[in-house]
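Chemist: Output the structure for:
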Amino acid sequence: MPGADEFSGPVDYASQWLWWALGAFALVVVFYLVVLVWSLLGGSRPGRPVDLPSARARALAELDRIGHQVHAGEMPERLGHQQMSVVVRGFVSDASGLPALTMALADLRAAGIPHLAETIALMYPPEFSPSGTGDASLQSTLDRARDVVSSWS
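Modeler: Numbers count the residues shown, from 1 in each chain. Okay, the predicted model is just below:
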């Protein structure tokens with residue numbers, strides 16, 4: 001056992017570790033402040049104004065093309081429903097600014113656009129079923145899609 005005269009006091013830590021810890025804490029605080037400011041300033045920006053008649057004409061022409069290709073046997077019905085969904089959602093996104101291309105069916109219903117949500121709901125079974133067919137015929141779904149595009153204001 002060491003004697004009383006051999007006792008040494010506690011050892012101090014080097015002060016550089018304190019500065020490293022304070023610097024790391026400051027970096028975390030700055031990161032969160034940058035993210036907060038970026039999210040506040042980077043909110044939804046108004047998109048460019050869309051020419052609704054030309055967007056409607058393009059969407060209706062695409063729907064006609066899809067209908068003709070499916071009826072001619074050049075495109076499977078499942079792919080036709082998938083493309084119809086993309087055309088209708090793209091038109092709504094362009095016309096309204098809603099991110100309809102990335103919205104789920106529940107999101108579309110919550111957005112308060114029941115006509116659009118029900119039309120997309122008709123497309124879901126043929127889009128995602130293994131057989132590629134659903135309860136509604138392609139023609140009735142096409143008619144509903146045309147109605148959504150035609151009646152959008």
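Chemist: Spatially central residue in the protein, please.
Modeler: What sits nearest the mean C-alpha location of the chain, by C-alpha atoms, centre = their mean, is Thr102, with 3.0 Å.
Chemist: Quick one: residues contacting that residue.
Modeler: Residues near Thr102 by C-beta atoms under 8 Å, 6 or more residues apart in numbering: none. Where you see a C-beta, it was placed from the backbone N, CA and C, and this is true even at glycine.
Chemist: let's see it at 10 Å
Modeler: Shown in contact with Thr102 (C-beta atoms under 10 Å, 6 or more residues apart in numbering): Arg89, Ser93.
Chemist: Show the pLDDT at it.
Modeler: If you check Thr102, the pLDDT there is 90.
Chemist: swap in Gly23?
Modeler: Reported pLDDT for Gly23: 96.
Chemist: And what about it, helix, strand or coil?
Modeler: Assigned with DSSP: H, G, I helix; E, B strand; the rest coil, Gly23 falls in the helix class.
Chemist: For it, give its distance to Val87.
Modeler: Gly23 sits at a distance of 54 Å from Val87 (criterion: C-beta to C-beta, to the nearest Å).
Chemist: between those two, who's got more neighbours?
Modeler: Shown here are Gly23 and Val87; by other C-beta atoms under 10 Å, Val87 has more neighbours (20 against 10).
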